[in-house]
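**Q** starting from these lines, generate the structure:
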Amino acid sequence: MKILAFSDIHNDIIHLKEAYRKFKEEKPEIVICAGDIFEFWNFSPKIKDLLEKFDTKLLLIHGNHEDLKLINKLCNENIINLHNKIFNVKNFTFFGYGGGGFSQEDKKLENDINKIKNRLNNWVFITHAPPFNTNLDLVYDHHVGSKSIRKIIEKFDPLLNICGHLHENFYIKDKINKTEIINPGPSGSVINI
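**A** Predicted coordinates:
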C-alpha cells in the first residue's frame, strides 16, 4: 500500500500544495496528516479547500496547535478525524492518537490501546508526538518524545509509526524493533508498506 503522509503544515499553503503535487504524481491509496495543520487555533478556509481536493481518504489527527473541534470542521466523507479511532483499508488497520506533543506520558492512550489491542493486526500508528529515545525526538542532545508511544510500539509492533511535532526532525526516519518511524514533514513523504 502506498501512503502519502505529512505533518505540521501550520497554515502554510505552500507546503500543502507541495504535498498535493506529490499526491497527484504518486497516486497513493491513502493520505495521512499527523497534526498541526493549523497555527495556534487559526482556522484557514484555504487549507480546507485544498484538503478537499485530495480525492481519496485523508485520515487526520490533531496536534498541539488545534483541538478536536477545529479538526472536525475539516471533516467530510473523505476527510476523517482518526483521533482514538480505527480505520481499515484493504488488510491494513490505521489507529490515530492526536494532541500531546510535549507530554512524555499519556495514561489515557495506554489504557485506550489496551481496549483495542485485539484489533491491531497489520497496523499503522499515527501520532503527533514522536516516540521517546529515537532520532525523531532528539532536540539539542535531549530526547523529548513520548515514553507512552514508545511503550506501545515495543508492546504491539505496528508496521509503521507516522508522527510529527518536532520541526527539527522533519523527514527523519528511525526504527524501534521492526517498526519503521517517520516524521514525513510538511511537504509530505511517500511511504510504501
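
**Q** start and end of stretch 158-173, how far apart?
**A** Terminal residues of stretch 158-173 are spaced 15 Å apart (C-alpha to C-alpha, to the nearest Å).

**Q** any idea how far that stretch is from the chain center?
**A** Offset of stretch 158-173 from its chain centre (C-alpha atoms, centre = their mean, to the nearest Å): 8 Å.

**Q** and residue 114, how far is that from residue 38?
**A** 31 Å (C-beta to C-beta, to the nearest Å). All C-beta atoms are positioned from the backbone trio N, CA, C, and that covers glycine.

**Q** residues near the nearest residue to residue 127 once chain neighbours are set aside, how many?
**A** Computed as C-beta to C-beta, 6 or more residues apart in numbering, the closest residue to residue 127 that is not its neighbour in sequence is residue 163, at 4.8 Å. Using other C-beta atoms under 10 Å, the number of residues around residue 163 comes to 28.

**Q** how about residue 163, what does it touch?
**A** Residues in contact with residue 163 (C-beta atoms under 8 Å, 6 or more residues apart in numbering) are 7, 34, 126-131, 136, 149, 181-183.

**Q** what residue of this structure is the furthest out?
**A** In the chain, counting by C-alpha atoms, centre = their mean, residue 141 sits farthest out from the average C-alpha position, at 23.9 Å.

**Q** check what pLDDT it gets.
**A** The pLDDT attached to residue 141 in the predicted structure is 83.

**Q** which residues in the chain form helices?
**A** For the chain, the helices defined by DSSP state H occupy 13-26, 45-51, 68-72, 107-115, 147-156.

**Q** excluding chain neighbours, what is closest to residue 31?
**A** In this structure, residue 31 finds its nearest non-sequential neighbour in residue 58, 4.3 Å apart by C-beta to C-beta, 6+ apart.

**Q** how far away is that neighbour from residue 175?
**A** Following C-beta to C-beta, the distance that separates residue 58 from residue 175 is 26 Å.

**Q** who has more neighbours out of these two?
**A** Relative neighbour count places residue 58 above the other of residue 58 and residue 175, with 21 against 13, counting by other C-beta under 10 Å.

**Q** surely the more buried one and residue 34 touch.
**A** No - in this structure, residue 58 sits apart from residue 34 without contact. The criterion is C-beta atoms under 8 Å, and the distance is 11.9 Å.
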